[in-house]
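1. No sequence on hand, only this structure:
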């Protein structure tokens, strides 16, 4: 009986000890989980976990190491009088664990010759690997100095804690990477605004090298540009030690800059003193680490942007190369703009009014940049402030851009020489690129916020594909490529949906196909995949014979800010947003987007989209038919006044101009107009308030004057506010003449509000 009693007591003690052990483990896991949910700072997280394990489990010695290059570096410890702060990879138990990725339990440390801590009187040890995904990144080390050896039960408890810690490491590093990407995008966006505003070449070069040095955290750098004869590159601007070398020339393949010029690829040198490609023009100990990236115009390398360090031990990494490459892409565009501006100034010196208009546009752009910087500071404080910043910067950039595109369109209708036609074409191309960037940022913001809405209007599929074909057939021909378009005759017409968003997807896919194809053909096709009595699903395909995509890269290209590999970004440019936006738009259109590709043999991007069948509508007036209308235009921007008036007068309209909403209401009360065209943002009384006053008077006196809103605000809520105020149609700046005509036609014919997308 006594033996049974003792056995029962032993069993109860074992159960109690097990329950206490589980309670302790749960307490540690709860403390670690709480830290994981609150902390994104790895150092704080490491300290919390180490102290929680030591305090709760009662372990004597606890330490945590993280792998940095070729050694484990101590992050936090509890209980040690002396501790090794740096363990070379592969040495000791910790070095072996991080290399193998397997935990180690030493119940008696004397059994392992690799053990390094016997001087502390340690008798047993547990060493567990820490992971970021599947990659070992550190170790958690627990050691005991008392006579109770660490056991497998301790290993199980600490393994559970490490599992939670691994989740925290992955989350914190992902958060840090997202923050780094956000800082990169903000810095590049601010840099783009600054560079695009500089048209004087020396001033632009100084700005480029200043930004490069800032991105690389250094005070030494340079810009080489191709000489007029194309036989060498010459240093045009330098910082730090390179100021004494301004004017130096390098041949193709000579020195770091010459190598970059020769290969067209970025180049990093960790120690210039021992680098075999060092130019004899420079002293052996001139600089230590250096990096250079190409500046390009089209497919030609026109220069080299580089930075360097004189301090021993410092090196440049992939992040600096990425930043410098993106800066070089922006700088290349800015250099092209500066060269075009200089040529235009030389050729059009007698056109004083054009110079005045350009100076005014530059002044407005400078003001837009100042406003953008102010809004950017506010945007970093909250998501709502960020959305407001995007809306306002869109307005400020679209306003002068509308003037640039409008005057370019009016100028195209005047007699011009061949050179002038070429300059005008470059202005149009550059403005379209800037508009595409703005629209891409707006669309991505809408998608992130879940506020991207589609309109539903009647359209003809051939009318959607025609401008896409017109836009890219000439570009393809300029590269020596074949270009073809095929439309299934069985596609019904008209369809009901959002033709603007469909055209946006096609422009992005066809633009990519032309950009990434050096020889061969590009084709665009549309056919019926499925049709019922009320709807039809169409299958679109854009195929090319370009560079193709590796199978393992075909999924990541649809992720934001991602391309197949870094060399594509360096060679072809791009922010990595186009396919992400296209995929989301296709999903909104009720379809799917996918790719079939083989590296080196081309790609075929296909997507489906579903549309309702629409009733045939009465034909619209011919695009060039005279309007013969009395039109009141309310616009405070003098450049945009001239653009809108020029467009309307070319169609036979009598135009009356006012500069604010108060004057608009007064003139509309005194005179009879067939149409009102009004901007939203004006002094004294804004456009929407002026429309509201006119509609209130009409409800009392009768009548209805069609109103078209033209605005540089392009968010969905801006269109809704316009219709709520009483507008009949809405068109976003910058717009082309035919888009304004379409908006006027919709406002005159329709009794309900219509939207015209620009």
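-> Received it, and whenever you're ready, just let me know what you need. Predicted model, so just to flag it, every value in this text is computed and none were measured. Numbering: from 1, shown residues only.

2. show me where the stretch 51-200 of the chain has strands.
-> Secondary structure of the stretch 51-200 of the chain (DSSP state E, counting those that start in this stretch): strands at 61-68, 71-78, 86-88, 104-106, 124-132, 135-144.

3. nearest to residue 219, of the ones you listed?
-> strand 61-68 (26.1 Å; C-beta to C-beta). Heads up, the C-betas are built off the backbone N, CA and C, glycines and all.

4. by contact count, what packs against the closest one?
-> For strand 61-68, the elements it packs on are helix 42-57, strand 71-78, helix 92-100, strand 135-144, judged by 3 or more C-beta pairs under 8 Å, 6 or more residues apart in numbering; DSSP states H and E.

5. ok, and what's touching the shortest one?
-> Contacting residues not belonging to strand 71-78 are listed as 42-43, 46-47, 50-51, 54, 61-67, 83-89, 94-95, 98, 138-139 [C-beta atoms under 8 Å, 6 or more residues apart in numbering].

6. And this structure, split by domain according to the record?
-> According to automatic domain parsing, the chain is divided into the following domains: 2-176, 197-347, 457-613, 630-756.

7. Confidence-wise, which of the ones you listed is weakest overall?
-> Mean pLDDT across the domains of the chain is lowest at domain 2-176; the value there is a mean of 78.

8. follow-up on the earlier one: can you put the domains of the chain in CSV and add distance to residue 363 and mean neighbour count?
-> Shown next, in CSV, are the domains of the chain (distance: least, C-beta to C-beta, whole Å; neighbours: other C-beta atoms under 10 Å):
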stretch, distance to residue 363, mean neighbour count
domain 2-176, 41, 16
domain 197-347, 10, 18
domain 457-613, 28, 17
domain 630-756, 11, 19
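
9. So for residue 418, which of the ones you listed sits nearest?
-> domain 197-347 (10.9 Å).

10. these two touch, right, residue 270 and residue 317?
-> No - between residue 270 and residue 317 there is no contact, the gap being 10.2 Å when judged by C-beta atoms under 8 Å.

11. so residue 457 bridges to which residues?
-> When bridges are taken as DSSP bridges, the partners of residue 457 come out as residue 497.

12. and it, how far is that from residue 463?
-> Look at residue 457 and residue 463: by C-beta to C-beta, to the nearest Å, they are 12 Å apart.

13. Overlap of the contact sets of the two?
-> When contacts are counted by C-beta under 8 Å, 6+ apart, residue 457 and residue 463 are jointly contacted by residue 499.

14. hang on, residue 648 packs against residue 631?
-> Yes - with contacts defined as C-beta under 8 Å, residue 648 counts as touching residue 631 at a distance of 5.5 Å.

15. who touches both of those two?
-> When contacts are counted by C-beta under 8 Å, 6+ apart, residue 648 and residue 631 are jointly contacted by 655, 677.

16. quick one: residue 287 from residue 271, how far?
-> When C-beta to C-beta is applied, the distance between residue 287 and residue 271 equals 10 Å.

17. ugh, wrong one, residue 601
-> Distance of residue 601 to residue 271, computed by C-beta to C-beta: 41 Å.

18. Residue 610 contacts residue 591, correct?
-> Yes - proximity of residue 610 to residue 591 meets the contact threshold set by C-beta under 8 Å, at 6.3 Å.

19. which residues do these two both contact?
-> Each of residue 537 lies in contact with both residue 610 and residue 591 under the rule C-beta under 8 Å, 6+ apart.

20. could you pull out the helices for the stretch 351-500 of the chain?
-> Using DSSP state H, counting those that start in this stretch, the helices assigned to the stretch 351-500 of the chain run over residues 352-379, 383-412, 418-449, 461-478, 499-515.

21. any residues touching the fourth one, and which ones?
-> In other words, helix 461-478. If you take C-beta under 8 Å, 6+ apart as the criterion, helix 461-478 is touched by 482-483, 485, 487, 491, 493, 495, 499, 502-503, 506-507, 510-511, 514, 522, 524, 526, 538.

22. same thing with the shortest one?
-> With contacts defined as C-beta under 8 Å, 6+ apart, helix 499-515 is touched by 439, 443, 454-455, 457, 459, 463-465, 467-468, 471-472, 475-476, 479, 481, 483, 522, 524, 540, 542-544, 546, 572, 578-579, 581-582, 585-586, 588-589, 593, 603, 605, 607, 609, 757.

23. Among the residues you listed, which lie within strands?
-> Applying DSSP state E to those, the entries found in strands are 457, 459, 483, 522, 524, 540, 542-544, 593, 603, 605, 607, 609.

24. Turn the residues you listed into TSV, including distance to residue 355.
-> Rendered in TSV, the data for the ones in strands among the contacts of helix 499-515 read as follows (distance: C-beta to C-beta, whole Å):
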residue	distance to residue 355
457	41
459	41
483	38
522	40
524	41
540	45
542	42
543	46
544	42
593	46
603	45
605	44
607	46
609	47
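
25. Pick the one among those residues closest to residue 427.
-> Sorting the ones in strands among the contacts of helix 499-515 by distance to residue 427 puts residue 483 at the head of the list, at 24.1 Å, by C-beta to C-beta.

26. show me the contacts for that closest one.
-> Under the criterion of C-beta under 8 Å, 6+ apart, the contact list for residue 483 reads 469, 472, 473, 476, 477, 514, 521, 522, 523.

27. can those residues go into a markdown table with extra columns for distance to residue 77?
-> Formatted as a markdown table, the entries for the contacts of residue 483 read as follows, by distance: C-beta to C-beta, whole Å:
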| residue | distance to residue 77 |
| --- | --- |
| 469 | 68 |
| 472 | 63 |
| 473 | 68 |
| 476 | 64 |
| 477 | 68 |
| 514 | 59 |
| 521 | 65 |
| 522 | 62 |
| 523 | 65 |
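
28. Distance from the chain centre to the host helix or strand of residue 697, please.
-> Using DSSP states H and E, residue 697 falls within helix 687-701. Using C-alpha atoms, centre = their mean, to the nearest Å, we find the averaged C-alpha position of helix 687-701 to lie 42 Å away from the chain's own average C-alpha position.

29. After that helix, which helix or strand is next? Please name it.
-> Taking DSSP H and E as the definition, the helix or strand that follows helix 687-701 towards the C-terminus is strand 707-711.

30. Can you tell me the strand partners of that next one and which way each runs?
-> The sheet places strand 707-711 alongside strand 675-679 (parallel), strand 729-732 (parallel), with pairing taken from DSSP bridges.

31. Could you check the angle the following helix or strand past the last one makes with strand 707-711?
-> The one in question is strand 729-732. Moving toward the C-terminus from strand 729-732, the first helix or strand encountered (DSSP H and E) is helix 737-749. Comparing the axes of helix 737-749 and strand 707-711 via axes from the mean of the first three to the mean of the last three C-alpha atoms, to 10 degrees yields an angle of 150 degrees.
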